[in-house]
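Asks: task: produce atomic coordinates for the following.
(chains A, B, C and D)
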There are 2 protein chains.
Amino acid sequence: MSIETDIKQKKFRSPFQKLALNLMYTTKWLEYKQLESFKEYDITPQQYNVLRILRGQQGNPIKVSDITERMLDKSSNTSRLVDKLLAKNLAKRTSCESDRRAVDVVITEDGLALLQVLDPFIEDWENRFNIISEEEAEQISALLDKLRENENQA
Amino acid sequence: MSIETDIKQKKFRSPFQKLALNLMYTTKWLEYKQLESFKEYDITPQQYNVLRILRGQQGNPIKVSDITERMLDKSSNTSRLVDKLLAKNLAKRTSCESDRRAVDVVITEDGLALLQVLDPFIEDWENRFNIISEEEAEQISALLDKLRENENQA
DNA sequence: ATACATTTAATGTAGAAACATCTATTAGCG
DNA sequence: CGCTAATAGATGTTTCTACATTAAATGTAT
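Replies: Sure thing, here's the model as predicted:
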């Protein structure tokens, strides 16, 4: 369905305004789809994001602050997200020896197992993007990178 | 800055995964920029979205449920958003005569004045998109529309 | 070494989002 | 008409977010 229909707006000030609204609308829609898939596994997209970062470490511990750096949403409270994963036995937390302020976080077997269950959902979710070519995907990615570039504006 | 740098992930499973993450990351970034601009005017992006919908009615009242239909975030609680606007005298609420369950909402002079103040911020914000042509913007909008189309998947 | 600033993570708090429930009104149908 | 279902919007509740503050450990400069 077109963005015009979805938000019942017939005219836009410019193709740029339309794209801006479409980006926000489509992303919310994607996130909602993700949330729906995850619901029965009692995990939020944010918690999933942390889990995937932990898995990406291949068994090596990672500090809370380094998790934050890798998150899609930098303003999220990583401490409390890790708390949630701990409570569900999806991650372990040990104090870091070289810097006792820091805390090392590692994914558990349960965490890895859950990710394996979720992987097919994510793959299906990503397969939506197959309607465009890989080149187009790269091209849009490059454009999004550019959008965030000119920090001087706005 | 590239998405690779921003979320410190060197490799992606596919250009599609990269695009998915980039969409979510960039949209959060855009929303954050908007939030920042609006902060000194004590209005949230969601409230702004409602206000703009009200202005779009050109003085005609609109029901709460119709506002929801036009919102970017359909799951937001429009009742309470309207409450907030009322408290700030940015909108008026009168009960609808033809259907006494419904409620008519109209933007006030204060609301219109605030939007006029915010307009330049939004224009600057949208001008970020000038790095691409109008045709490209339309093209990407069309791709995003398509993404949301195949409801059968995922 | 001491004092002060910085970093790291946890916590407190107000407000917002997500979701279910409730109330009033209207619609539909026998 | 009288009954049940559907709709509109408000409200309750739990969880999450955004932002500020705190506490402990480390860095740094004199």
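Asks: for residue A:132, which non-adjacent residue is closest in space?
Replies: Of all residues not flanking residue A:132 in the chain, residue B:143 sits nearest, at 5.6 Å (C-beta to C-beta, 6 or more residues apart in numbering or on different chains). For the C-beta atoms, the positions are set from N, CA and C on the backbone; glycine is no exception.
Asks: just for chain A, where's the confidence low?
Replies: For chain A, applying pLDDT under 70 flags the ranges A:150-154.
Asks: where exactly do the helices run in it?
Replies: All helices of chain A, identified by DSSP state H, fall at A:3-6, A:15-39, A:45-56, A:64-70, A:78-87, A:109-127, A:134-147.
Asks: can you give me how far the second one is from the chain middle?
Replies: Put plainly, it is helix A:15-39. In terms of C-alpha atoms, centre = their mean, to the nearest Å, the centre of helix A:15-39 is set 13 Å apart from its chain centre.
Asks: spell out which residues of chain A are next to DNA strand D.
Replies: Residues of chain A lying close to DNA strand D (C-beta under 7 Å from any atom of the strand) are A:44, A:46, A:73, A:75-77, A:80-81, A:84, A:99-101.
Asks: out of those, who's near DNA strand C?
Replies: Residues of these in contact with DNA strand C (C-beta under 7 Å from any atom of the strand): A:77, A:80, A:99, A:101.
Asks: just these now: which is nearest chain B?
Replies: residue A:77 (14.7 Å; C-beta to the nearest C-beta).
Asks: how about that closest one, what does it touch?
Replies: Under the criterion of C-beta atoms under 8 Å, 6 or more residues apart in numbering or on different chains, residue A:77 has no contact partners.
Asks: residues from chain A in reach of DNA strand C?
Replies: So far as C-beta under 7 Å from any atom of the strand goes, chain A lies against DNA strand C at A:35, A:39, A:63-66, A:68, A:77-80, A:82-83, A:93, A:96, A:99, A:101-103.
Asks: filter those residues down to the buried ones, ChimeraX style.
Replies: A single ChimeraX command selects the buried members of the residues of chain A next to DNA strand C (16 or more other C-beta atoms under 10 Å in any protein chain shown):
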select /A:63,64,66,68,78,82,102,103
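Asks: for residue A:37, which non-adjacent residue is closest in space?
Replies: Among residues not flanking residue A:37 along the chain, residue A:121 sits closest, at 4.3 Å (C-beta to C-beta, 6+ apart).
Asks: neighbours of the one you found, how many?
Replies: Residue A:121 has 17 neighbours, counted by other C-beta atoms under 10 Å in any protein chain shown.
Asks: gap between residue A:34 and residue B:31?
Replies: Residue A:34 sits 17 Å away from residue B:31, taking C-beta to C-beta, to the nearest Å as the criterion.
Asks: of those two, who's got more company?
Replies: Neighbours were counted for residue A:34 and for residue B:31 using other C-beta under 10 Å; residue A:34 has more, 21 against 17.
Asks: give the contact list for that one.
Replies: Taking C-beta under 8 Å, 6+ apart, one finds A:45, A:48, A:122, A:125 in contact with residue A:34.
Asks: by neighbours, which of these wins?
Replies: Among those, residue A:48 has the most neighbours (other C-beta under 10 Å), with 22 neighbours.
Asks: need the contact list for the residue nearest to that residue when sequence neighbours are not counted.
Replies: Closest residue in space to residue A:48, ignoring its immediate chain neighbours: residue A:38 at 6.2 Å, by C-beta to C-beta, 6+ apart. Residues near residue A:38 by C-beta under 8 Å, 6+ apart: A:44-45, A:48, A:118, A:121.
Asks: okay, how far is it across stretch A:54-68, tip to tip?
Replies: In terms of C-alpha to C-alpha, to the nearest Å, the two terminal residues of stretch A:54-68 are separated by 11 Å.
Asks: quick one: residue A:50 from residue A:101, how far?
Replies: Noted for residue A:50: a distance of 20 Å to residue A:101, by C-beta to C-beta.
Asks: so what's residue A:107 closest to, chain neighbours aside?
Replies: Leaving aside its sequence neighbours, residue A:107 sits nearest to residue A:54 (C-beta to C-beta, 6+ apart; 3.8 Å).
Asks: now that neighbour: how far from residue B:7?
Replies: Distance from residue A:54 to residue B:7, by C-beta to C-beta: 14 Å.
Asks: what does residue A:109 give?
Replies: 26 Å.
Asks: more neighbours, those two?
Replies: Neighbours per residue (other C-beta under 10 Å) separate residue A:109 from residue B:7, with residue B:7 holding more: 18 against 9.
Asks: so who does that one touch?
Replies: Neighbours of residue B:7 in contact, by C-beta under 8 Å, 6+ apart: A:69-72, B:21, B:25.
Asks: farthest pair within the residues you listed?
Replies: A:69 and B:21 (14.4 Å; C-beta to C-beta).
Asks: I'd guessed the residue nearest to residue A:132 sits against residue A:137; true?
Replies: No. At 9.3 Å, residue B:143 and residue A:137 do not qualify as touching, with contact defined as C-beta atoms under 8 Å.
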